[in-house]
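Trainee: Quick one, structure for this:
(one chain, ligands or ions: 1)
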Amino acid sequence: MNITVTRPFLPPLEEYQAYVKGIWDRGWLTNGGPLANTLELRLKEYLGVDHLLFVANGTVALQIAIKALDLRGEIITTPFSYVASTSSIVWEGCSPVMTDIRPDTLNIDPEKIEAAITGNTVAILAVHVFGNPCDTERIQDIAQKHGLRVIYDAAHAFGTTYRGRSLLSFGDVSTCSFHATKLFHTIEGGAVVCPDPDLLRRMALMRNFGHVTAEAFGEVGINGKNSEMHAAMGLCNLDHIESVIQARAGICEQYRARLQGVPAAFQAISGDTRYNHAYFPVIFNSEPILLKVLEHLRLHSVFPRRYFYPSLTTLPYVQGQAAPIAEDIARRILCLPLYVGLSTEEVDMICRLIKRAIRY
Ligand SMILES: *Cc1c(COP(=O)(O)O)cnc(C)c1O
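Mentor: Residues are numbered from 1 along each chain as shown. So this is what the prediction gives:
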């Protein structure tokens, strides 16, 4: 059987069926149903945040955040991310300004942010890459000094705590993705988190077509809602989140031990962090080494992914912006298979294959 980079966590079927039975009994499928509301309450409790909205996906979360903050102009962001963090900026009519990353944490380099600020800069959209905290203090200081808003694309950050707080609690708005490939998922889904109740109210209107009442509209809105079936998956998965994180931590530890001596580096996790082990990236010393490894693993039905490749500076709608560190790392980085149920034997085999590929 193929070993893929990830496999969605599935709760025991009976647990999901119990929620589905309730949905059938009530006949209420979407539009702020009881399960969606319960999921929001339970997520706020788990994350220790005051305000959170469950939305259709992590991309709409980013779009609503940009729209609700009224951003128009340049947004400083990272080229080392999934395409959605940049495409959302462009989709909302703003211009992404690519700022290079740190080669150790893989996050946007705060030292390079100030040089990228112009008279048109309105915000910083940073990504906690693979769930590793950005330097939130430095970014906050820079934002304050220059009057900029801060959005964190926290798509990978669920379950990470930084300085004793959920990583989703930083910035003017944090967005999360609950896509099936993410650590915590609702099949499709996402969230916006923000400390400001007025901003949250605005985003809540935007999520639901701008409806204030059935017949009155307070904002231009979009359909950013999510359904009872998706909320049910979230409620089931939330019951298992701690054991999911623990299982992944064990696999990462095994990878790290078995890959000692391989010509590669691992991501440096920021200090004062309880890491969620969302991904296991390996940064090989060169692209030819990575390609050899990839080929050898494929031959044995193991399919890691080149996250994130290529650098977003190569997007056709991001012209003429260089980020040499991100471009170099993007060519050399591979995320290894990581999911609950990946066995000790399989991890051993993957590590053996990697070593063999490099040796020959
Ligand atoms: C997955 C992801 C998104 C998009 O989330 P969806 O729920 O798939 O729309 C945005 N940013 C990053 C960094 C992601 O990994």
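Trainee: Which parts of stretch 202-219 count as buried, going by neighbours?
Mentor: The neighbour-count check on stretch 202-219 (16 or more other Cβ atoms under 10 Å) flags R202, M203, A204, L205, M206, R207, N208, H211, E219 as buried. For glycine as for every other residue, the C-beta is placed from the backbone atoms N, C-alpha and C.
Trainee: Near the spatially closest residue to the fifth one that is not a sequence neighbour, how many other residues are there?
Mentor: Ranked by Cβ to Cβ, 6 or more residues apart in numbering and with sequence neighbours excluded, the top spatial neighbour of M206 is G221, at 4.7 Å. Using other Cβ atoms under 10 Å, G221 has 18 other residues around it.
Trainee: E45 too?
Mentor: The burial count for E45: 10, using other Cβ under 10 Å.
Trainee: For the stretch 201-350 of the chain, list the residues in contact with the ligand, please.
Mentor: Neighbours of the ligand within the stretch 201-350 of the chain, by Cβ under 6 Å from any ligand atom: none found.
Trainee: what ranges do the strands span in the stretch 201-350 of the chain?
Mentor: Assigned by DSSP state E, counting those that start in this stretch, the strands in the stretch 201-350 of the chain fall at 264-266, 273-274, 281-284, 302-303, 333-335.
Trainee: Which elements pack onto the longest one?
Mentor: If I follow you right, that is strand 281-284. strand 264-266, helix 324-332, strand 333-335 (3 or more Cβ pairs under 8 Å, 6 or more residues apart in numbering; DSSP states H and E).
Trainee: Recalculate using a threshold of 10 Å.
Mentor: Here strand 281-284 touches strand 264-266, helix 287-299, helix 324-332, strand 333-335, helix 344-359, going by 3 or more Cβ pairs under 10 Å, 6 or more residues apart in numbering; DSSP states H and E.
Trainee: quick check: angle from the longest one to helix 287-299?
Mentor: Spelled out, it's helix 344-359. 140 degrees (axes from the mean of the first three to the mean of the last three Cα atoms, to 10 degrees).
Trainee: Okay, buried residues for helix 344-359 please.
Mentor: Buried-residue list, helix 344-359, by 16+ other Cβ under 10 Å: V347, I350, C351, L353, I354, K355, A357, I358.
Trainee: Go ahead and confirm the residue nearest to M206 touches R207.
Mentor: Yes. G221 is within contact range of R207, at 7.0 Å (criterion: Cβ atoms under 10 Å).
Trainee: anything in contact with each of these two?
Mentor: Counting by Cβ atoms under 10 Å, 6 or more residues apart in numbering, the contacts common to G221 and R207 are I64.
Trainee: So for the closest residue to the ligand within the stretch 1-150 of the chain, what's the nearest residue that isn't a sequence neighbour?
Mentor: For the stretch 1-150 of the chain, the residue closest to the ligand is G58, as judged by Cβ to the nearest ligand atom, at 2.6 Å. The shortest distance from G58 to any non-neighbouring residue, by Cβ to Cβ, 6+ apart, is to S177 (2.7 Å).
Trainee: Just the local confidence number for Y360, please.
Mentor: pLDDT, Y360: 56.
Trainee: Just the terminal-to-terminal distance for stretch 186-197.
Mentor: By Cα to Cα, to the nearest Å, the extent of stretch 186-197 from end to end equals 25 Å.
Trainee: Averaged pLDDT, that stretch. What do you get?
Mentor: pLDDT averaged over stretch 186-197 gives 98.
Trainee: Report whether it contacts the ligand.
Mentor: Yes. Using Cβ under 6 Å from any ligand atom, stretch 186-197 reaches the ligand at G190.
Trainee: Domain boundaries for this protein, per the record?
Mentor: When the chain is parsed with automatic domain parsing, its domains come out as 13-238, 240-359.
Trainee: Most tightly packed of those?
Mentor: Across the domains of the chain, averaging neighbours per residue (mean count of other Cβ atoms under 10 Å) puts domain 13-238 on top, at a mean of 20.
Trainee: Let's see stretch 284-296 as CSV, backbone CA atoms only.
Mentor: Output of stretch 284-296 as CSV, limited to C-alpha atoms (Å, rounded to 0.1, in the frame of the first residue of the first chain):
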residue,chain,number,x,y,z
PHE,A,284,18.6,18.4,2.3
ASN,A,285,22.0,19.9,1.5
SER,A,286,21.2,20.1,-2.2
GLU,A,287,18.4,19.7,-4.7
PRO,A,288,20.1,16.8,-6.5
ILE,A,289,20.2,14.9,-3.1
LEU,A,290,16.5,15.6,-2.6
LEU,A,291,15.7,14.4,-6.1
LYS,A,292,17.6,11.2,-5.5
VAL,A,293,15.7,10.6,-2.3
LEU,A,294,12.3,11.4,-3.9
GLU,A,295,13.0,9.0,-6.7
HIS,A,296,14.1,6.2,-4.4
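Trainee: Looking at the domains of the chain, which is nearest to V5?
Mentor: domain 240-359 (4.2 Å; Cβ to Cβ).
Trainee: Could you tell me the end-to-end distance of that closest one?
Mentor: Terminal residues of domain 240-359 lie 40 Å apart, using Cα to Cα.
Trainee: My guess is T161 contacts H128. True?
Mentor: No. The criterion here is Cβ under 10 Å, and T161 misses it with H128 at 11.7 Å.
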